[in-house]
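Novice: Predicted model, plus sequence, below.
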Amino acid sequence: MGNQCHPLADNKIVEIKYGKHVLSIKLPYHCEILELEYSKLPLKKSEIIDKIFSSSTDMPSLLELIDKSKKILFLIPDITRKSGVKHFLYELIEYINNKAVDYKIVFATGTHRRITEGEMKEILGFTIYDNFKEHIVFHNPDNLDDHIYYGKTKYGTPVLLNKVFNECDLIISIASISYHYFAGFGGGRKMIIPGISATKTALNNHKLAIDEKKLTRNPEAKTANIKGNPVHDDIVEGVMIVSNNKELFAINTIIDEEENIIDLETGDLFLSHLRACTKYREMTSINVTKKYDILVVSCGGFPKDINMIQAHKSLNRIQNIVKEGGTIFFFAECIDGYGNKHFENFFECKTSGAMIRELIKDYQINKQTAYSLKSLTEKFNVYLYSALNKSDTERMGFKKLESLEVIEHYKFNNKSIAFVPSAYSVLFTE
């Protein structure tokens, strides 16, 4: 992957990922396409298995850890994240079964809604789900009886984790590397906090992204940054608190748009994650030296646009390459609508200024997302093409894009324009 910026040779049809569909529109000849090209081929299944089973530079191999473990906990992302887990989980569980080691599987939903049976089948594959579903434990962040308290971080975050964590001595975290708009990167340590933590833990941690004195976002809590990032630091400290007498092993995948695994790092939860993040940033950065008048933007399809909470991350990702007051045509299906009631209801506050003041008084995770989104729709002229109705679209600050013809008949004239086919997966650098 790398910097790919090229103009269309002529007016032509381009394809836009939208949910699980592909739309086609015509863009003007001078439109540039800002996309990633995957220079790495998908790894063969044998390469993936060999890497996971036997390769680890900072701790014993996974096979050695399994052989001496008494009970294993798998942490797997929910439907909002792809990880490539179906490429190797069956073989891993078969090995564990042959060793007669007990294990549990938890979908690290954090404060997201409960995962459905259909989603579990989609993530794991039907064979894995049908054979091993009795090992699945559901995470409910609001039921404190399901959690164990371990202590507090220096930031005052109470560390409460799903009690199944305490029952296991080997924790295997499986997640793809992705960008996160205030924790820096997803995956790794985030599979534990907030992945299997109580809502109270997640709230206190995520609130660190806000600078309460200056009534704004903490400048270090941003995409692709973990140095000096209080959200990241707090998570790391929290995980360290709970890590006594446990082996924390991570499988960090780097996947392409088709969920093929093109690279991976395994080993120590923290060190392997850092190595994978470094690789990911090198692969997914695109250098852009100007700001555009107009952007046509897709999240990259499902699940990146499953709801507006997730879709917002793609809009956040492109904000530094469009002129203030510029126009954005944003494609996000949002089949699950807003994604959360706290997020939805917070748009009763009419401005980002009102939101940040209310957020300080009563912090909720997805209220912060609503504040971030409102800041963007106030800064730019954003047309949204989605399954959301006009009323819901406009209360978030968007303009409803009713048809594709609006773009095709738009008077672009000599304005600079770019198309971003998969904003969720890209880091734009200067």
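Specialist: Okay, I see it.

Novice: Residue ranges of each domain in the protein, please.
Specialist: Following automatic domain parsing, one gets these domains for the chain: 5-30+288-429, 45-283.

Novice: avg pLDDT for the longest one?
Specialist: This means domain 45-283. Taken as a whole, domain 45-283 carries a mean pLDDT of 94.

Novice: what sits against the nearest residue to Y150 once chain neighbours are set aside?
Specialist: When the adjacent residues along the chain are set aside, Y150 lies closest to V159, with 4.4 Å between them (C-beta to C-beta, 6 or more residues apart in numbering). In short, each C-beta sits where N, CA and C put it, glycine included. Applying C-beta atoms under 8 Å, 6 or more residues apart in numbering to V159 gives the contacts 149-153, 193, 197, 201, 238, 241-242.

Novice: Which strand or helix spans V159?
Specialist: Under the criterion DSSP states H and E, the helix or strand holding V159 is strand 158-162.

Novice: Count the neighbours of Y95 for me.
Specialist: Counted with other C-beta atoms under 10 Å, residues neighbouring Y95 total 16.

Novice: meant to ask about P60
Specialist: Should you count by other C-beta under 10 Å, P60 turns out to have 14 residues around it.

Novice: same deal with the one 10 residues further on?
Specialist: Neighbourhood size, K70 [other C-beta under 10 Å]: 10.

Novice: how far away is the residue lying closest to it once chain neighbours are set aside from N316?
Specialist: Spatially, and ignoring its direct neighbours in sequence, K70 is nearest to D169 (5.5 Å; C-beta to C-beta, 6+ apart). As judged by C-beta to C-beta, to the nearest Å, D169 and N316 stand 38 Å apart.

Novice: between those two, who's got more neighbours?
Specialist: Set D169 next to N316 and count neighbours by other C-beta under 10 Å: N316 wins out with 21 against 15.

Novice: For T369, see how far away the more buried one is.
Specialist: Counting by C-beta to C-beta, the gap from N316 to T369 is 9 Å.

Novice: related to what we said a few turns ago, mind checking what helix or strand follows the strand holding V159 in sequence?
Specialist: The C-terminal neighbour of strand 158-162 among helices and strands, as given by DSSP H and E, is helix 164-167.

Novice: what does that following helix contact?
Specialist: Helix 164-167 is contacted from outside by 71, 73, 104, 106, 137, 148, 171, 192, 196, 242, using C-beta under 8 Å, 6+ apart.

Novice: Parallel or antiparallel, list what pairs with the helix or strand that comes right after that helix.
Specialist: Beyond helix 164-167 in the direction of the C-terminus, DSSP H and E gives the next helix or strand as strand 170-176. Using DSSP bridges, strand 170-176 pairs in its sheet with strand 71-76 (parallel), strand 247-255 (parallel).

Novice: What lies in contact with strand 170-176?
Specialist: With contacts defined as C-beta under 8 Å, 6+ apart, strand 170-176 is touched by 62, 65-66, 69, 71-77, 81-85, 89, 92, 108, 165, 186-188, 190-192, 246-255, 269.

Novice: Buried by neighbour count, from those residues: which ones?
Specialist: 62, 65-66, 69, 72-77, 81-85, 89, 92, 108, 165, 186-188, 190-192, 246-255, 269 (16 or more other C-beta atoms under 10 Å).

Novice: Any figure for the gap between G325 and M355?
Specialist: When G325 is compared with M355 (using C-beta to C-beta), they lie 21 Å apart.

Novice: what about those two, which has more around it?
Specialist: It is M355, of G325 and M355, that has more neighbours when counted by other C-beta under 10 Å, with 22 against 9.

Novice: Kindly confirm my reading that that one is in a helix.
Specialist: Yes: for M355, which was evaluated using DSSP: H, G, I helix; E, B strand; the rest coil, the result is membership in a helix.

Novice: pLDDT score assigned to it?
Specialist: 96.

Novice: sorry, back to before: joint contacts of N316 and T369?
Specialist: Counting by C-beta under 8 Å, 6+ apart, nothing touches both N316 and T369.

Novice: thinking again about what came up before, dig out what the residue nearest to Y150 forms beta bridges with.
Specialist: Bridge pairing for V159 - DSSP bridges - gives G151.

Novice: Next, work out how far apart it and E91 are.
Specialist: Counting by C-beta to C-beta, the gap from V159 to E91 is 33 Å.

Novice: repeat for M120
Specialist: Plainly put, M120 is 19 Å away from E91 if you go by C-beta to C-beta.

Novice: Could you check how many residues crowd around the nearest residue to F185 once chain neighbours are set aside?
Specialist: Setting aside the residues directly before and after it, F185 is nearest to C277 in space (C-beta to C-beta, 6+ apart), at 4.8 Å. When counting by other C-beta under 10 Å, one arrives at 23 neighbours for C277.

Novice: Can you point out the buried residues in the helix or strand C277 falls within?
Specialist: Here C277 sits within helix 269-284, counting by DSSP H and E. Along helix 269-284, the positions that meet the burial threshold by neighbour count (16+ other C-beta under 10 Å) are 269-273, 275-277, 279-280, 283-284.

Novice: Tabulate the residues you listed (JSON lines), appending distance to F329.
Specialist: Converted to JSON lines, those look like this (distance: C-beta to C-beta, whole Å):
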{"residue": "L269", "distance to F329": "40"}
{"residue": "F270", "distance to F329": "40"}
{"residue": "L271", "distance to F329": "41"}
{"residue": "S272", "distance to F329": "39"}
{"residue": "H273", "distance to F329": "35"}
{"residue": "R275", "distance to F329": "37"}
{"residue": "A276", "distance to F329": "33"}
{"residue": "C277", "distance to F329": "31"}
{"residue": "K279", "distance to F329": "32"}
{"residue": "Y280", "distance to F329": "27"}
{"residue": "M283", "distance to F329": "27"}
{"residue": "T284", "distance to F329": "22"}
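
Novice: Which one of those is nearest to K227?
Specialist: The closest of those to K227 turns out to be C277 (C-beta to C-beta; 11.4 Å).

Novice: what about H342, distance to N414?
Specialist: If you measure H342 against N414 using C-beta to C-beta, the figure is 43 Å.

Novice: go on, K68?
Specialist: From K68 to N414 the distance is 67 Å (C-beta to C-beta).

Novice: Likewise for F270?
Specialist: For F270, the distance to N414 equals 50 Å [C-beta to C-beta].

Novice: In strands, which of the contacts of V159 fall?
Specialist: The subset of these located in strands under the criterion DSSP state E comprises 149-152.

Novice: circling back: buried among the contacts of helix 164-167? Need that as a selection in PyMOL.
Specialist: Typed into PyMOL, the line below selects the buried ones among these, using 16+ other C-beta under 10 Å:
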select buried, resi 73+104+106+137+148+171+192+196+242
